[in-house]
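Participant: The following comprises the amino acid sequence and a computationally predicted model.
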Amino acid sequence: MLKQKTKIATFAAGCFWGVEHAFSKVKGVVNTTAGYTAGHFKNPSYEDVCSDETGHAEAVQVEYDPSIVSYEKLLDVFWSIHDPTQWHRQEPDIGSQYRSAVFYHNEEQKKAAIASKEKLEKSGKYKKPIVTEIAPSSTFYKAEEYHQKYWLKNKNFVCH
């Protein structure tokens, strides 16, 4: 049996619990991991990131099978699950760790993310500017185990 060839995408769109839950439901997504990225502090804890002093974003690393779901489809999901016009916040969560960002892993993802953002800007869906950061991926630190698949562990889970 041939092993499937997967790819990685990384997104930040507020609290990672809801982001991870949304991507986990997409056909072709093989795995999701909640974590922290794009900061200047090594091996941050949740408490470190919540201080809003490490520069990290709460993010989700999405492992997907491109023969089933395209990166562009993942971008569509990303845009649909949060308000990309909110600067360093999503709903009640405030701080740079809750920023909207696409962290690309190669030039193909970078081009697709820029094109997707431009298309959304031109659509007129939002009256305010889209503030989503599009930046190269950096070290991704897996969040503590209690954050992983949070919706499965908490039956009263509500987010996004």
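Facilitator: Received the coordinates, thanks. All of these numbers come straight from a predicted model, not from anything done at the bench.
Participant: what are the phi and psi angles of residue 60?
Facilitator: Backbone geometry at residue 60, expressed as degrees, to the nearest 10, gives phi -130, psi 130.
Participant: quick check: longest helix of this protein.
Facilitator: Longest helix in the chain, counting residues (DSSP state H): helix 107-123.
Participant: tell me what it is packed against?
Facilitator: Other elements packing on helix 107-123 under the criterion 3 or more CB pairs under 8 Å, 6 or more residues apart in numbering; DSSP states H and E are helix 71-80, strand 100-104, strand 133-136. Bear in mind the C-beta positions are built from the backbone N, C-alpha and C, glycine included.
Participant: Name the residues that touch it?
Facilitator: Applying CB atoms under 8 Å, 6 or more residues apart in numbering, the contact partners of helix 107-123 are 9, 71-72, 75-76, 79, 84, 102, 104, 126, 129-130, 132, 134, 136.
Participant: tell me the two of the residues you listed that are most distant?
Facilitator: Spatially, the most separated pair among the contacts of helix 107-123 is 126 and 136, at 25.0 Å (CB to CB).
Participant: ok, residue 154 - how many residues close by?
Facilitator: Counted with other CB atoms under 10 Å, the neighbours of residue 154 add up to 12.
Participant: returning to that earlier point: among the contacts of helix 107-123, which one sits closest to residue 44?
Facilitator: Each of the contacts of helix 107-123 was scored against residue 44 by CB to CB, and residue 136 proved nearest at 18.7 Å.
Participant: quick one: the closest one and residue 101 touch, right?
Facilitator: No - contact criterion CB atoms under 8 Å: residue 136 and residue 101 do not qualify, at 10.9 Å.
Participant: what residue ranges in this structure score low on pLDDT?
Facilitator: 1-4, 146-147, 150-151, 155-160 (pLDDT under 70).
Participant: on that earlier part again, which of the contacts of helix 107-123 sits closest to residue 37?
Facilitator: Nearest to residue 37 among those, with distances taken as CB to CB, is residue 136, at 10.4 Å.
Participant: What is the neighbour count of that closest one?
Facilitator: Neighbour count for residue 136, taken as other CB under 10 Å: 12.
Participant: and it, how far is that from residue 18?
Facilitator: Relative to residue 18, residue 136 is positioned 24 Å away (CB to CB, to the nearest Å).
Participant: now do residue 11
Facilitator: 11 Å.
Participant: Between the two, which has more neighbouring residues?
Facilitator: residue 11 (29 against 22).
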